[in-house]
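Undergrad: got a predicted model here, sequence first, then my questions.
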Amino acid sequence: MDTPRTCPQNSRDAWQRDSVAASLAAMPLLFAGPSELHVTARRIRDHAVDLRHRAALLCASAENVHWRSPAADSFRARVSDVASRMRVAARDLELSADSLDRHARRVSHALASAEHAVVRAVEFVAL
């Protein structure tokens, strides 16, 4: 009789809880100024670097195992696939950080334009 595998479900549940928590934590970004947006982009880039580093460690660890057999080769191939997906996720994080930086620059420009418009309006009313 096979025992039920609870680890993947527990892992999936934890991921879902973490995703909801991350979404709620990101809500203040909707009202953040350009400097806060740039700081968040930097943090996202740091996560991408960490993810790439972990992918490299994972591959190195799998290659350093002294287990030789067809099953070992299959295991290493799967580890390589996971590491590849981790690198893709890191690239996606960097693309997201770039988008956030672009958005921050647009917000900064919009704030400067609004400030300029207010100054002009005040000058006009003062005439």
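TA: Good, I have the coordinates. Numbers count the residues shown, from 1 in each chain.

Undergrad: longest helix of this protein?
TA: Identified as the longest helix of the chain according to DSSP state H is helix 70-126.

Undergrad: just how off-centre is that one within its chain?
TA: Chain-centre distance of helix 70-126: 9 Å, with CA atoms, centre = their mean, to the nearest Å.

Undergrad: does anything pack onto it? Which helices or strands?
TA: Contacts defined by 3 or more CB pairs under 8 Å, 6 or more residues apart in numbering; DSSP states H and E place helix 70-126 against helix 34-63. Using the backbone N, CA and C atoms, a C-beta is placed for each residue, glycine as well.

Undergrad: for the helix it packs on, buried residues please.
TA: Neighbour-count burial for helix 34-63, counted by 16 or more other CB atoms under 10 Å, picks out 34, 37-38, 40-41, 44-45, 47-48, 51-52, 55, 59, 62.

Undergrad: relative to helix 70-126, how tilted is that helix?
TA: 170 degrees (axes from the mean of the first three to the mean of the last three CA atoms, to 10 degrees).

Undergrad: no further queries at this time; thank you.
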